[in-house]
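>>> Predicted model and sequence follow; I will ask about them next.
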2 protein chains.
Amino acid sequence: MATASRALAGYSDVAVGTRERVRQLAREMGYAPNMAGRMLVSGRTGFVGLVLPVRGPDFVDSFLGDFVTGLGEGLVAEGCDLFIAAASKDQTELEVLQHLVRAGRADGFVLTRIADGDPRVRFLIDQRVPFTTHGRMAAEESFSWLDTDGAGAFATAFRLLHDLGHRRFGIISIAEQMGFRRDREAGLRGAIAAADDPAVILTETHAPRFDTAAHRHAIRELLSRPDRPTALIALFDELGLIAMQEANALGLSVPQDLSVIGFDNVPAAGFAMPGLTTFDQATRDSARQIAAMLTAQIRSPAEAPATTLRQAVLIERASHGPAP
Amino acid sequence: MATASRALAGYSDVAVGTRERVRQLAREMGYAPNMAGRMLVSGRTGFVGLVLPVRGPDFVDSFLGDFVTGLGEGLVAEGCDLFIAAASKDQTELEVLQHLVRAGRADGFVLTRIADGDPRVRFLIDQRVPFTTHGRMAAEESFSWLDTDGAGAFATAFRLLHDLGHRRFGIISIAEQMGFRRDREAGLRGAIAAADDPAVILTETHAPRFDTAAHRHAIRELLSRPDRPTALIALFDELGLIAMQEANALGLSVPQDLSVIGFDNVPAAGFAMPGLTTFDQATRDSARQIAAMLTAQIRSPAEAPATTLRQAVLIERASHGPAP
DNA sequence: CGAGCAATCTGAAACGTTTTGGATTGGTAA
DNA sequence: TTACCAATCCAAAACGTTTCAGATTGCTCG
């Protein structure tokens, strides 16, 4: 038994002939090592866990499909599998995570949509469980994360529009203190400051993230002002698409009367009329990289946690143009 | 040890006082039974497996996110977790599945996007592993599936358009023999036959599923004919959205010159201008139900496999209207 | 010729549960 | 007094692997 185990694992202290004989037989018999037995003795599960964010009943997430696909692809290359847990009604994501860690169900975790001071990060650091997050936190000790440079993207968006003559800007944002919000807004403000143009005005709307009606209302109000912005930057595509619809409803045409730029490059951005100019963050590829970062960490826990900042790429479609 | 195990499991042959004492202590210590140990002895993993369909590098799947979310929600209610495996470059989905079954990594599987004669179904039936599919197969022995009534939906679409005076129809379809294609096309043909109207003409295009350029070409060709259809029914929303773009490029306005109806109700359908009339199949809720069907099967393998046919609901937006 | 070594193999322990088949205790009926 | 029973509790086996610490063999060297 021991020899067979070592033969399959490729150890060097088993003769070549024996190894081949064992492997051949294993193939013939369709043998695959039982997961549970292996887990028990090795302490490794071969799983990486992802706790699904809890969400409203009809919130559609174009992000998750790509992300899961990328993770799966990245992990299979490392011989891991992905394991997904949802939080039930009366559980927070933190509670689910705690249970999973205690039950030893995964070797490491992927965290998405983290907010500043996210308790999940604290918990995993304390437990010394490997993890990698998608997104950063403000002023926190070091851990492994991958993020898209939202600040850079929004700065780019501002410069693009400013060069086209726009001076009155609006940002459609959310009320929640998410890391990506802070990042992108800071990028925009930094770029405005750097332009050093006293004519530039920035108006903001901040409706609750998943409250579409509130966003519509805020946008409509914004676009109805006499000094309405000529350029709108949306925190993410859905808000930009809503803005285009509201502009349309108010008789404004995009991009002649109003320029709109989004972020994410969801499929709908390409199908909208006009196509929404936005930034692509290559979610699937990011997820693949997160998988690699996490498995590296699982393999050698001593190493300093790696971090990655990726550039989003501008997708120029037809929703922006010269200031009216 | 034995008593503690039985106390936590709620067996009756442990005194009430003891049980409470054990449970209290377990809570205090943050004890959660180790998965591997439990798996090994019980033979149950507590996992349900989903093998990700292999896909082209930039194919975006609005379906997967919803589906995974629904599965997760449904499974957590049953005390299961979801486990996702991707196929690597040189593996088929069948091979991945075989490996997972042999390694005993899951108690049951969910299969999506099954084609007629799908070998995965055959394999799982032979191995007597519980599974539930999303979608049906033609003429196959009984197994557990959930499907949306595409035939009914396409019949509804035809009647809707026929009542609006349309006579020249086009269906934008794919080349692959998928179950949903057969189903929806049959529904359309059945409805045409039932209408018994000699004036009705149906033209078809069948480009490879993921070849967007080919679809565009076929649609453009179809819409350039002198006797072009006045109503287009797309096998799924992406094709409908592409059709609207092509119509626009040819100077046809939707819905005045051309009506378009899709299927799936992807987010982009709502953001398109005009909004795409389509059918919603409540993917997330379907996935929840699949989770319930599968766990029921895992619990009592002897029962006859359950099947569910769900009705898609028509979402009337602005892409259809009276025949020109 | 014995010691030492390399190459190869193997028995047994260990991992953390659940389950099985008693063991123990105290009480009750014959 | 003995036998039996119900209510509890517990020791040990079992699950399928990996790893540790030898064991065995055949060879080389002094």
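Yes, it's here. Numbers count the residues shown, from 1 in each chain, chains lettered A, B, ... in the order given.
>>> What's the local residue count around A:V16?
9 (other Cβ atoms under 10 Å in any protein chain shown). C-beta coordinates here come from the backbone N, C-alpha and C atoms, glycine included.
>>> From A:Y31, how far off is it?
Distance of A:V16 to A:Y31, given as Cβ to Cβ, to the nearest Å: 20 Å.
>>> A:T45 now?
Taking Cβ to Cβ, one finds A:T45 at 20 Å from A:Y31.
>>> Comparing those two, which residue is more hemmed in?
A:T45 (22 against 15).
>>> Provide a list of residues in contact with that one.
Neighbour list for A:T45: A:M39, A:G104, A:R105, A:A106, A:D107, B:M35, B:A36 [criterion: Cβ atoms under 8 Å, 6 or more residues apart in numbering or on different chains].
>>> secondary structure class for it?
With DSSP: H, G, I helix; E, B strand; the rest coil as the basis, A:T45 sits in coil.
>>> next one: phi and psi at it?
phi -100, psi -20 (degrees, to the nearest 10).
>>> now it: how far from A:L100?
Distance of A:T45 to A:L100, given as Cβ to Cβ: 10 Å.
>>> before we move on, what about A:E28?
Distance from A:E28 to A:L100, by Cβ to Cβ: 37 Å.
>>> Between those two, which is the more surrounded one?
More crowded of A:E28 and A:L100, by other Cβ under 10 Å: A:L100, with 21 against 8.
>>> My read is that the more buried one contacts A:A106, right?
Yes. Using Cβ atoms under 8 Å, A:L100 is in contact with A:A106, at 6.2 Å.
>>> how far is the host helix or strand of A:L64 from where the chain is centred?
Using DSSP states H and E, A:L64 maps to helix A:62-76. In terms of Cα atoms, centre = their mean, to the nearest Å, the centre of helix A:62-76 is found 11 Å from the chain centre.
>>> ok, now stretch A:262-282?
16 Å.
>>> Any residue of that stretch touching chain B?
Yes. Using Cβ under 8 Å from any Cβ of the partner chain, stretch A:262-282 reaches chain B at A:V266, A:P267, A:A268, A:G270, A:F271, A:A272, A:M273.
>>> Please state the offset of stretch A:142-158 from the chain centre?
A distance of 11 Å separates the centroid of the chain from that of stretch A:142-158, by Cα atoms, centre = their mean.
>>> before we move on, what about stretch A:106-126?
On Cα atoms, centre = their mean, the centre of stretch A:106-126 falls 14 Å from the chain's centre.
>>> list the buried ones in that stretch?
Across stretch A:106-126, burial judged by 16 or more other Cβ atoms under 10 Å in any protein chain shown covers A:106-115, A:118, A:120-121, A:124.
>>> Could you do stretch A:221-237 as well?
A:L222, A:L223, A:R228, A:P229, A:T230, A:A231, A:L232, A:I233, A:A234, A:L235, A:F236, A:D237.
>>> Quick check: end-to-end length of it?
One end of stretch A:221-237 to the other measures 19 Å (Cα to Cα, to the nearest Å).
>>> and A:M244, what element?
Secondary structure assigned from DSSP H and E places A:M244 in helix A:237-249.
>>> Compute the inter-axis angle for that helix and helix A:62-76.
In terms of direction (axes from the mean of the first three to the mean of the last three Cα atoms, to 10 degrees), helix A:237-249 departs from helix A:62-76 by 150 degrees.
>>> Return the distance of stretch A:244-253 from the chain's centre.
Stretch A:244-253 sits 30 Å away from the centroid of its parent chain (Cα atoms, centre = their mean).
>>> got it, and stretch A:288-301?
On Cα atoms, centre = their mean, the centre of stretch A:288-301 falls 17 Å from that of its chain.
>>> Same question for A:L223, what's its three-state structure.
helix.
>>> what's the pLDDT at A:R220?
Turning to A:R220, the model gives it a pLDDT of 97.
>>> An error on my part: the question was meant for A:P57.
So, for A:P57, pLDDT stands at 62.
>>> what do you get for the one 10 residues further on?
Per-residue confidence (pLDDT) for A:F67: 93.
>>> Counting neighbours, what do you get for the closest residue to it other than its chain neighbours?
Using Cβ to Cβ, 6 or more residues apart in numbering or on different chains and skipping the chain neighbours, the partner closest in space to A:F67 is A:A287 (4.7 Å). Neighbours of A:A287 under the rule other Cβ under 10 Å: 27.
>>> Could you verify my assumption that A:A287 touches A:D66?
Yes. Counting by Cβ under 8 Å, A:A287 touches A:D66, with 7.1 Å between them.
>>> Where does pLDDT dip in chain A?
For chain A, the stretches with pLDDT under 70 are A:56-61, A:140.
>>> DNA strand D contacts on that one?
For chain A, the residues in contact with DNA strand D (Cβ under 7 Å from any atom of the strand) are A:1-2, A:5-6, A:8-9, A:31, A:33-34, A:36-38, A:40-42.
>>> just these that are near chain B?
Restricting the residues of chain A next to DNA strand D to those near chain B by Cβ under 8 Å from any Cβ leaves A:Y31, A:P33, A:N34, A:A36, A:G37, A:L40.
>>> Taking those, tell me the two that lie furthest apart.
Farthest pair in these (Cβ to Cβ) is A:Y31 and A:L40. Separation: 18.1 Å.
>>> What ranges does the stretch 151-300 of chain A have for its strands?
Taking DSSP state E, counting those that start in this stretch, the strands of the stretch 151-300 of chain A run over residues A:168-174, A:201-207, A:231-234, A:259-261, A:278-280.
>>> With the stretch 1-150 of chain A instead?
Along the stretch 1-150 of chain A, the stretches classed as strands by DSSP E, counting those that start in this stretch are A:47-51, A:81-85, A:108-111, A:131-134, A:144-148.
>>> Touching, A:I298 and A:F109? I think so.
No. Judged on Cβ under 8 Å, A:I298 makes no contact with A:F109 at a distance of 10.2 Å.
>>> Find the residues that touch each one of those two.
Contacts common to A:I298 and A:F109, judged by Cβ under 8 Å, 6+ apart, are A:V48, A:P130.
>>> Not counting sequence-adjacent ones, nearest residue to the residue nearest to the spatial centre of chain A?
Nearest residue to the geometric centre of chain A (Cα atoms, centre = their mean): A:H134, 5.0 Å. With sequence-adjacent residues excluded and distances taken as Cβ to Cβ, 6+ apart, A:H134 is closest to A:T112, at 4.7 Å.
>>> contacting residues around that neighbour?
A:L50, A:P53, A:F67, A:T133, A:H134, A:G135.
>>> swap in A:A292?
Applying Cβ under 8 Å, 6+ apart, one finds that A:A292 lies in contact with A:G74, A:A77, A:E78.
>>> For it, give its distance to DNA strand C.
29 Å (Cβ to the nearest atom of the strand, to the nearest Å).
>>> now for the buried residues of stretch A:106-126, which pair is the farthest apart?
Within these, two members stand farthest from each other by Cβ to Cβ: A:D107 and A:A115, at 25.0 Å.
>>> Show me what counts as buried in stretch A:184-198.
The neighbour-count check on stretch A:184-198 (16+ other Cβ under 10 Å) flags A:R184, A:E185, A:G187, A:L188, A:R189, A:A191, A:I192, A:A195 as buried.
>>> List every C-alpha atom in stretch A:77-86, with coordinates, as PDB.
Extracted in PDB, the C-alpha atoms of stretch A:77-86 (Å, rounded to 0.1, in the frame of the first residue of the first chain):
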ATOM      1  CA  ALA A  77      -4.000  24.400 -13.300                       C
ATOM      2  CA  GLU A  78      -2.800  24.200  -9.700                       C
ATOM      3  CA  GLY A  79      -4.700  21.000  -9.000                       C
ATOM      4  CA  CYS A  80      -7.200  22.600  -6.700                       C
ATOM      5  CA  ASP A  81     -11.000  22.900  -6.800                       C
ATOM      6  CA  LEU A  82     -13.300  25.700  -6.100                       C
ATOM      7  CA  PHE A  83     -15.800  25.400  -3.300                       C
ATOM      8  CA  ILE A  84     -18.600  27.800  -3.000                       C
ATOM      9  CA  ALA A  85     -20.700  28.500   0.000                       C
ATOM     10  CA  ALA A  86     -23.700  30.700   0.200                       C
END
